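Student: return atomic coordinates for the entry below.
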Amino acid sequence: MDGKGAEFTDPMTGETIDLSTARSSGESKDLKHLTEVVEDEGGKGVLRVGDIRCPKCDLNEIYVILMQTRSSDEPETKVCTCKNCGKRFREYQ
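Tutor: This next block holds a predicted model:
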């Protein structure tokens, strides 16, 4: 197909675009340089007592937030914050 007389109709707007005059940019959109930013969600999470211990002060009162940091077929990551000393750590299952 040589592209002469080819048209595209946008299904959302109904606008017709003549593809013979349309051009694409030669720039590739490389997003590998971007870093994921996780902002503070306001709360510290759910306070759990007994099942997780802080590696710094050995207290067992830990705030836990569950996050999906890997692919969807992998288990969630627990982002933990100690109630006593504020140490943040992660637990992978």
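Student: what about I62, how many neighbours?
Tutor: 25 (other Cβ atoms under 10 Å). In this view, the C-beta of every residue, glycine as well, is placed from N, C-alpha and C.
Student: quick one: contacts for it?
Tutor: Applying Cβ atoms under 8 Å, 6 or more residues apart in numbering to I62 gives the contacts L47, R48, V49, I52, R53, C54, C80, T81, C82, K83.
Student: and those residues as CSV, adding distance to I65 and secondary structure?
Tutor: As requested, the contacts of I62 are exported to CSV (distance: Cβ to Cβ, whole Å; DSSP: H, G, I helix; E, B strand; the rest coil):
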residue, distance to I65, secondary structure
L47, 11, strand
R48, 11, strand
V49, 16, strand
I52, 12, coil
R53, 17, coil
C54, 15, coil
C80, 8, strand
T81, 8, strand
C82, 13, strand
K83, 13, coil
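Student: identify, from these, the entry nearest to M67.
Tutor: C80 (11.1 Å; Cβ to Cβ).
Student: go ahead and confirm the closest one touches Y92.
Tutor: No. Contact status for C80 versus Y92: not in contact, 11.3 Å apart, counting by Cβ atoms under 8 Å.
Student: neighbour count for the two, which is higher?
Tutor: C80 (21 against 10).
Student: measure that one to E61 for me?
Tutor: 11 Å (Cβ to Cβ, to the nearest Å).
Student: before we move on, what about D73?
Tutor: From D73 to E61 the distance is 32 Å (Cβ to Cβ).
Student: swap in T9?
Tutor: From T9 to E61 the distance is 61 Å (Cβ to Cβ).
Student: which one of these two has more residues nearby?
Tutor: Ranked by neighbour count (other Cβ under 10 Å), T9 and E61 place E61 first, with 14 against 9.
Student: in contact with the more buried one, which residues?
Tutor: Applying Cβ under 8 Å, 6+ apart, the residues near E61 are L47, R48, V49, C82, K83, N84.
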